[in-house]
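A.B. asks: with the sequence up front, the predicted model follows.
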Amino acid sequence: MSQNTETFSSLKYEQKESIGLLSIGTFLEYFDLMLYVHMAVYLNELFFPKYDAHTTSLLTALTFCTPFVFRPFGAILFGWIGDNVGRRATITLTSFLMAGCCIVMSTVPTYAVLGYKASMYILICRVIQGMASMGEIIGAELYVTETFKPPLQYAAVTLVAAFANLGTIVALIVATLVTGYGFNWRYAFGFGILVAFVGSNARLRLRETPEFVNAKNRLKNNMTNGNIDNKEVKDTVFYKEKINKKTAFCLFLMDCGWPVAFYICYFYCAGILRDNFHYTPAEIIQHNFFIALVNLLERFALTYFSYKIYPLKILKFKCWMFTLFIILTPYLLGNIGSPIQLMLLQCLIIMFGCTTLPSVPIIYKHLPVFRRFTCASLTYAFASAVIYIVTSFGLIYCTEYAGHYGILAIVIPSVIAFMYGIKHFERLEKSVGDYPA
């Protein structure tokens, strides 16, 4: 492993400030993104017509999937901005887009007033939020990756992701106030407007990442020293460095892991609470709040351990643990006797679910700097879109024929694919001498 390490005590003020601004901004944006997700059981009744139970399940899947289906378009747009204009511009722009969506969602009339137009406005806002979220999370991860050095680099990326979980928790708290205590849901989105604008203004203080600036300077020097124009520079090998297809594919496979665990934990299990234990939407949201707290604690634990243990080794351990108990999950779900037992199982899923954290910086460094944002965004976007569609719609039909054992048809392939991705990046790290003995 490289000896060029960095500790928190050695950071400059600007570096510490950037971690703080990115963490706050990510928290605020994920609050806005997840607010509707956790209030969907309540808001869908206001903005969509009433259907039978099966159609309602499909509608819930549709409103959940909509942001993720359009993420690839966001990846293309914000990937181009991130690779050509800069990382800072991208994450600032996405914050303002989130704020705009919250303005619309807080003021649009319900289905009872506007009919299907209300449904369309909500879906359009969810599409924009899904697209903007691509520039947000990838931009923040790249910013940290290109600004810090290992091992602090691993901990800083995971810390930023932990604040995304914190945003989800606050969204759950607000959703609980709305569904359980009669808090006006429009005020919830009004609060989202406020926090989004605060995050946007805070991020205006960020500087561009050193690695991206250095790469741009290399291009500028080539233009100056070689007396060539911008078009000729962009045809150079350095600027047009190609992405290794196998590396991009393995990143895609690894990005598929977390959406499976997330959906099963929060949405599939929510159906069990509703059908088996007759939970109301408010009770489901309160139940999920405790799961989100466990997820947040898990991210903070990852932040600490990634500073001590090589991240790919952490991923391998989590993947094996997840594999061991997920095989038993269908049997356990079929014999759940209380919501507390279900909560314990959900905690295991959320703690050991396959995710690229804290290995994101290791993965990203194997992507060309002028293709990094686009590649990382597209793989993440397509993984989210494909898996959330397959999981949310597929589980409806798989479980109709095979019961809870139907989840294995989706989970087992995702685990195998994730482990294959880990093996690939282990080989890459060993080839450059960065994999510890």
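C.D. replies: Yes, it's here.

A.B. asks: all helices of the stretch 251-400 of the chain, in order?
C.D. replies: Assigned by DSSP state H, counting those that start in this stretch, the helices in the stretch 251-400 of the chain fall at 257-263, 269-276, 281-308, 311-326, 329-334, 339-352, 360-364, 372-402.

A.B. asks: can you say which of these is nearest to Gln129?
C.D. replies: Proximity to Gln129 (Cβ to Cβ) singles out helix 372-402 among these, at 13.0 Å. Where you see a C-beta, it was placed from the backbone N, CA and C, and this is true even at glycine.

A.B. asks: quick check: end-to-end length of stretch 350-369?
C.D. replies: 32 Å (Cα to Cα, to the nearest Å).

A.B. asks: circling back: reformat the helices of the stretch 251-400 of the chain as TSV; add mean neighbour count.
C.D. replies: Below are those laid out as TSV (neighbours: other Cβ atoms under 10 Å):
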stretch	mean neighbour count
helix 257-263	23
helix 269-276	17
helix 281-308	19
helix 311-326	18
helix 329-334	16
helix 339-352	18
helix 360-364	24
helix 372-402	21
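
A.B. asks: between those, which one is closest to Val41.
C.D. replies: Among the helices of the stretch 251-400 of the chain, helix 281-308 comes nearest to Val41, with 3.9 Å by Cβ to Cβ.

A.B. asks: which other helices and strands contact the closest one?
C.D. replies: Secondary-structure packing of helix 281-308 (3 or more Cβ pairs under 8 Å, 6 or more residues apart in numbering; DSSP states H and E): helix 13-47, helix 152-181, helix 269-276, helix 311-326, helix 339-352.

A.B. asks: Asn84: which of the ones you listed is closest?
C.D. replies: Using Cβ to Cβ and comparing these, the one that lies nearest Asn84 is helix 13-47, at 21.0 Å.

A.B. asks: angle of that closest one against helix 281-308?
C.D. replies: 160 degrees (axes from the mean of the first three to the mean of the last three Cα atoms, to 10 degrees).

A.B. asks: now do helix 13-47: which elements does it pack against?
C.D. replies: helix 53-69, helix 87-107, helix 111-114, helix 116-145, helix 152-181, helix 185-203, helix 281-308.

A.B. asks: for Leu408, find the nearest of those.
C.D. replies: Closest among these, using Cβ to Cβ: helix 53-69, at 19.6 Å.

A.B. asks: neighbours around Arg205, how many?
C.D. replies: When neighbours are counted by other Cβ atoms under 10 Å, Arg205 registers 12.

A.B. asks: next, it: phi, psi?
C.D. replies: The phi/psi pair for Arg205 (degrees, to the nearest 10) reads phi -90, psi -10.

A.B. asks: what number of residues lie near the closest residue to it other than its chain neighbours?
C.D. replies: Among residues not flanking Arg205 along the chain, Leu21 sits closest, at 6.2 Å (Cβ to Cβ, 6 or more residues apart in numbering). Each residue near Leu21 was counted by other Cβ under 10 Å, and the total is 19.

A.B. asks: measure Leu21 to Asn295 for me?
C.D. replies: Using Cβ to Cβ, to the nearest Å, we find Leu21 at a distance of 23 Å from Asn295.

A.B. asks: ok, Ile272 next?
C.D. replies: For Ile272, the distance to Asn295 - Cβ to Cβ - is 19 Å.

A.B. asks: nearest to Tyr435, out of the helices of the stretch 251-400 of the chain?
C.D. replies: helix 311-326 (7.4 Å).

A.B. asks: now for that closest one, which elements pack on it?
C.D. replies: helix 281-308, helix 339-352, helix 360-364, helix 408-431.

A.B. asks: now do it: distance to the chain's middle.
C.D. replies: In terms of Cα atoms, centre = their mean, to the nearest Å, the centre of helix 311-326 is found 19 Å from the chain centre.

A.B. asks: now stretch 386-399
C.D. replies: For stretch 386-399, the distance to the chain centre is 19 Å (Cα atoms, centre = their mean).

A.B. asks: ditto for stretch 180-196
C.D. replies: 22 Å.

A.B. asks: show me what counts as buried in it.
C.D. replies: Counting neighbours by 16 or more other Cβ atoms under 10 Å, one finds that the buried residues in stretch 180-196 are Trp185, Ala188, Phe189, Phe191, Gly192, Ile193, Val195, Ala196.

A.B. asks: can you put those residues in a markdown table and add distance to Met34?
C.D. replies: Output for the buried residues of stretch 180-196, formatted as a markdown table (distance: Cβ to Cβ, whole Å):
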| residue | distance to Met34 |
| --- | --- |
| Trp185 | 14 |
| Ala188 | 12 |
| Phe189 | 12 |
| Phe191 | 13 |
| Gly192 | 10 |
| Ile193 | 15 |
| Val195 | 12 |
| Ala196 | 13 |
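
A.B. asks: pull the helix or strand with minimum mean pLDDT from the protein.
C.D. replies: None of the helices or strands of the chain scores lower by mean pLDDT, DSSP states H and E than helix 230-233, at a mean of 52.

A.B. asks: how close does the spatially most central residue of the chain get to Phe300?
C.D. replies: What sits nearest the mean C-alpha location of the chain, by Cα atoms, centre = their mean, is Ile137, with 6.3 Å. Using Cβ to Cβ, one obtains 18 Å as the distance from Ile137 to Phe300.

A.B. asks: got it, and Trp80?
C.D. replies: For Trp80, the distance to Phe300 - Cβ to Cβ - is 34 Å.

A.B. asks: including mean pLDDT, could the helices of the stretch 251-400 of the chain go into CSV?
C.D. replies: Shown next, in CSV, are these (pLDDT from 0 to 100):
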stretch, mean pLDDT
helix 257-263, 92
helix 269-276, 91
helix 281-308, 90
helix 311-326, 95
helix 329-334, 94
helix 339-352, 95
helix 360-364, 96
helix 372-402, 87
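
A.B. asks: Val157 is nearest to which of the ones you listed?
C.D. replies: Taking the helices of the stretch 251-400 of the chain one by one with Cβ to Cβ, helix 360-364 is closest: 5.0 Å.

A.B. asks: which strands and helices lie in contact with that closest one?
C.D. replies: Applying 3+ Cβ pairs under 8 Å, 6+ apart, we find helix 360-364 packed against helix 116-145, helix 152-181, helix 311-326, helix 408-431.

A.B. asks: what residue ranges in this protein score low on pLDDT?
C.D. replies: Scanning the chain for pLDDT under 70 picks out 1-11, 51-61, 63-64, 196, 199-200, 202-203, 219-220, 222-240.

A.B. asks: ok, Leu315 touching Lys423?
C.D. replies: No - using Cβ atoms under 8 Å, Leu315 is not in contact with Lys423, being 10.8 Å away.

A.B. asks: quick one, phi psi at the nearest residue to Cys398 once chain neighbours are set aside?
C.D. replies: Leaving aside its sequence neighbours, Cys398 sits nearest to Gly406 (Cβ to Cβ, 6+ apart; 3.1 Å). Per-residue torsions, Gly406: phi -60, psi -20 (degrees, to the nearest 10).

A.B. asks: noted, bye for now.
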